[in-house]
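Asks: Here's my sequence, what's the structure:
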Amino acid sequence: MANEKKTVAVLYGGKSTEYEISLLTAFSVINAIDLEKYRVLPVYIRQDGRWIAGGEINGKLAYKDQLLLKEDTTVEAAAEHWLAPSAPTSAGTRPDIVFPLLHGPNGEDGTVQGLFELLNIAYVGSGVAGSSVGMDKVLMKDVFAAHNIPGPNYLSISRFEWENDAPSMILKVKNSIGYPCFVKPANGGSSVGISKCVSETELSSAITDAFLYDTKVIIEEGISGREVEIGVIGNHDLSVSVPGEIITKNAAFYDYQSKYQEGESTLVIPADLSDKVKAELEETAKRAFTALNLSGLARVDVFVREKDQRVIVNEVNTMPGFTQFSMFPLLWQHTGLPYQRLIEKLIDLGIEKHNEKQQIHYRIDG
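Replies: Coordinates of the predicted model:
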């Protein structure tokens, strides 16, 4: 039926340091989605990894804690539920699409995308490979290097290497990266575990801290320039948003506090860039999106290098912050695509991608 409501399962929470950000995102999306067009089913992943499925959302949520669903509706206890391995594909509760509002590992990294591929359910955003490589900063930059997409100099260190020969690792950073440099967990977001270092002492402490959040860290050269972000949406025919610039206050870089504490940073949308830089930014963002085999949406974060105005890609975020006040939706709002319509566009792109995959043959008949 053309006018029949589509069922959207909103997935949020998760085993990640970005759990709270996910809750804020889900609260914002659920309250913005048009309930005249969509049935919305909440699926909450607790921090211990337990999945809890809720009933249909019938109105706006008054406060975020309403998303913390109770144990009596766990997926494990409902064999007929669409997420249960034994659930028939024709289950009445099966959604048309899943909107995975998960940030960081165990959600944005291809893990749940793989689950939905096995269940043959449409979902918003990039697939397994794009999500996984987009989450791993080392693999991401390896792909960019292979495609001649400019980025900062970098190297990676495993926990095994660090624990067995830390002095050699510090010397390696000094000789190949230098100072200032940035230390980051290879897999993560929201600037958790990231440090700026200007000395060997700071470097050692920063690497130790980063290993709290991952088994691999990446060290990147510091780039002097403006921090600019741009949104990309699409599967094949890509569209880009206006660019936005981040100006931090009282911080060495755009850290967690700058991102999520009021007054710690300023977002300038649209960014005041020359036509030449803007054109280079748009082309580079599309190239980065395509190189990582992404789909649906991404936010591309770059530096506009001070010395030559060159666009240097920092990273790509495959499920960027998505509250109404996050950079990605604000970029599209200023481009002419309001929050509610952006949500609908991403749902349509997810269904389009899923329908395209249904044409793939998985057996040989004759």
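
Asks: Using CSV, write out every CA atom in stretch 318-329.
Replies: Written as CSV, here are the backbone C-alpha positions of stretch 318-329 (Å, rounded to 0.1, in the frame of the first residue of the first chain):
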residue,chain,number,x,y,z
THR,A,318,30.0,7.2,9.3
MET,A,319,27.4,7.9,12.0
PRO,A,320,28.0,11.5,13.2
GLY,A,321,26.3,13.1,16.1
PHE,A,322,22.7,13.4,15.1
THR,A,323,20.8,15.6,17.6
GLN,A,324,19.1,18.7,16.2
PHE,A,325,22.1,20.7,17.5
SER,A,326,24.9,18.5,16.2
MET,A,327,27.1,19.7,13.4
PHE,A,328,25.8,17.2,10.7
PRO,A,329,22.1,18.1,10.9
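
Asks: Residue 225 versus the most centrally placed residue in the chain, what's the distance?
Replies: For the chain, the residue nearest the mean C-alpha position is residue 319 (2.6 Å; C-alpha atoms, centre = their mean). Distance of residue 319 to residue 225, given as C-beta to C-beta, to the nearest Å: 26 Å. The way it works is simple: take the backbone N, C-alpha and C, and place the C-beta from them, glycine included.

Asks: Just to be sure, residue 182 is in a helix?
Replies: No - counting by DSSP: H, G, I helix; E, B strand; the rest coil, residue 182 is not found in a helix; it is strand.

Asks: so who does the nearest residue to it once chain neighbours are set aside touch?
Replies: The shortest distance from residue 182 to any residue other than its chain neighbours is 4.9 Å, reached at residue 220 (C-beta to C-beta, 6 or more residues apart in numbering). The contact partners of residue 220, taken as C-beta atoms under 8 Å, 6 or more residues apart in numbering, are 152, 153, 154, 177, 181, 182, 184.

Asks: Okay, and residue 220 sits in which element?
Replies: Assigned by DSSP states H and E, residue 220 falls within strand 216-221.

Asks: what comes up buried for that strand?
Replies: 216, 217, 218, 219, 220, 221 (16 or more other C-beta atoms under 10 Å).

Asks: Also stretch 162-171?
Replies: Within stretch 162-171, the residues scored as buried using 16+ other C-beta under 10 Å are 162, 169, 170.

Asks: Any chance of those in JSON lines with distance to residue 348 and secondary structure as columns?
Replies: As requested, those are exported to JSON lines (distance: C-beta to C-beta, whole Å; DSSP: H, G, I helix; E, B strand; the rest coil):
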{"residue": "162", "distance to residue 348": "45", "secondary structure": "helix"}
{"residue": "169", "distance to residue 348": "47", "secondary structure": "helix"}
{"residue": "170", "distance to residue 348": "50", "secondary structure": "helix"}
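
Asks: Residues contacting the helix or strand residue 345 falls within, please?
Replies: Here residue 345, judged by DSSP H and E, is contained in helix 339-357. The contact list for helix 339-357 (C-beta under 8 Å, 6+ apart) reads 6, 8, 29, 32-34, 37-38, 96-97, 99, 121-125, 127, 233-235, 295-297, 324, 329, 332-333, 337.

Asks: and residue 185, bridged to which residues?
Replies: Beta-bridge partners of residue 185, counted by DSSP bridges, are residue 217.

Asks: and it, what pLDDT?
Replies: pLDDT, residue 185: 91.

Asks: and what of the one 10 residues further on?
Replies: If you check residue 195, the pLDDT there is 90.

Asks: and it, what is it in contact with?
Replies: Contacts for residue 195 (C-beta under 8 Å, 6+ apart) come out as 182, 183, 202, 205, 206, 209, 210.

Asks: one more time with 6 Å, if that's ok
Replies: 183, 206 (C-beta atoms under 6 Å, 6 or more residues apart in numbering).

Asks: So what sits opposite it in the bridge?
Replies: Beta-bridge partners, per DSSP bridges, of residue 195: residue 183.

Asks: those helices in the protein, which residues are they?
Replies: For the chain, applying DSSP state H gives helices covering 19-32, 111-119, 128-135, 137-146, 159-176, 200-210, 256-260, 275-291, 327-335, 339-357.

Asks: Burial check on residue 174, number of neighbours?
Replies: By the criterion of other C-beta atoms under 10 Å, residue 174 has 13 neighbours.

Asks: Equivalent analysis for residue 345, please.
Replies: Around residue 345 there are 18 residues (other C-beta under 10 Å).

Asks: Quick check: it vs residue 312, distance?
Replies: 29 Å.

Asks: Likewise for residue 94?
Replies: From residue 94 to residue 312 the distance is 44 Å (C-beta to C-beta).

Asks: Quick check: residue 51 touching residue 45?
Replies: Yes - under the criterion of C-beta atoms under 6 Å, residue 51 makes contact with residue 45 at 5.4 Å.

Asks: Looking at those two now, which is surrounded by more residues?
Replies: Neighbour comparison, residue 51 and residue 45: the larger count goes to residue 45, with 24 against 19 (by other C-beta under 10 Å).

Asks: who's in contact with that one?
Replies: Counting by C-beta under 6 Å, 6+ apart, residue 45 has contacts 13, 14, 51.

Asks: Tell me what it is bridged to.
Replies: Residue 45 has these beta-bridge partners by DSSP bridges: residue 13, residue 51.

Asks: Now do the same for it: its pLDDT.
Replies: 92.
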